[in-house]
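*Asks:* Fold the following for me, if possible:
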Amino acid sequence: MPSNRNRSRVRPKTKEKFKHAIRDVVDGLSQKVLIYKQSVKSECQNCYFDKMTNRSTGKCTSSSIIEAENKQTALGDGAPIRYKWFKFGRCPICFGKGYLETQRRTWAKCIVSWDPSERGGGNMITYTPAGTEGSTVVRLKCDPKYYDEFKNCEKIVVDGIECKISRPPVLRGLGNQALLIVYAFTTDKPKIDSGEIIKDYT
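*Replies:* Modelled structure (predicted):
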């Protein structure tokens, strides 16, 4: 029989109650955060792709305007434009990239804390005539089910501000499964009407 020393001091039932209680708090105090997943790339059908440079060759796959129009018509009414003839130069469909990107987005409910350090001045970002002051880091607390979305995302939008993940998300709580913690940093300034403080030293 295993000794009491080897047993967990917290019962599974207690862990489960704690997990549900924390998630109820997160759900009640949270706001929506937009997550941009990794985009899906597909080769442009309107031009030839150069695998050496990973870009468009600048040469159209259609030999004439009529051929390009026939290909587009075959896609059916309401289909996105995939064929448009051009003589040479930059492809009008992929703009010279050689591929098309399909953006994927999802939402997550999170508790948002701007500048979560002890020295932070609250949950607002401050900009001064001298530059940025204070909160540039944001901490998110959310349900662990969003782990893969945050781990593999390209960027997130918090309070209308575009951010990038600064470190891999971590799980915290009893049984290491109660809460997901995500840290990100801002990559652009907030909008004028977003509630940030503008300090004027004049």
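
*Asks:* for Ser42, what are its contacts?
*Replies:* Under the criterion of CB atoms under 8 Å, 6 or more residues apart in numbering, the neighbours of Ser42 are Tyr99, Leu100, Thr102. Using the backbone N, CA and C atoms, a C-beta is placed for each residue, glycine as well.

*Asks:* List just the nearest of those residues to Ile81.
*Replies:* Proximity of the contacts of Ser42 to Ile81 (CB to CB) peaks at Leu100, which lies at 10.8 Å.

*Asks:* Correct me if wrong: that closest one contacts Lys41.
*Replies:* Yes. With contact defined as CB atoms under 8 Å, Leu100 counts as touching Lys41 (7.1 Å).

*Asks:* So which of these two has more stuff around it?
*Replies:* The neighbour comparison of Leu100 against Lys41 (other CB atoms under 10 Å) goes to Leu100, with 18 against 12.

*Asks:* Secondary structure element holding the more buried one?
*Replies:* Using DSSP states H and E, Leu100 sits within strand 99-102.

*Asks:* Just the C-alphas of that strand, formatted as PDB.
*Replies:* Listed in PDB are the C-alpha atoms of strand 99-102, where the atom choice follows Å, rounded to 0.1, in the frame of the first residue of the first chain:
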ATOM      1  CA  TYR A  99       0.600  32.200 -54.100                       C
ATOM      2  CA  LEU A 100      -2.700  33.200 -52.500                       C
ATOM      3  CA  GLU A 101      -3.200  33.300 -48.700                       C
ATOM      4  CA  THR A 102      -6.400  32.400 -47.000                       C
END
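
*Asks:* Just list what it packs against, helices and strands only.
*Replies:* Counting by 3 or more CB pairs under 8 Å, 6 or more residues apart in numbering; DSSP states H and E, the packing neighbours recorded for strand 99-102 are strand 40-43.

*Asks:* who does whichever helix or strand comes after the strand it packs on pair up with?
*Replies:* Note on strand 40-43: by DSSP H and E, the next helix or strand toward the C-terminus is strand 47-50. The strands that strand 47-50 pairs with in its sheet are strand 55-60 (antiparallel) (by DSSP bridges).
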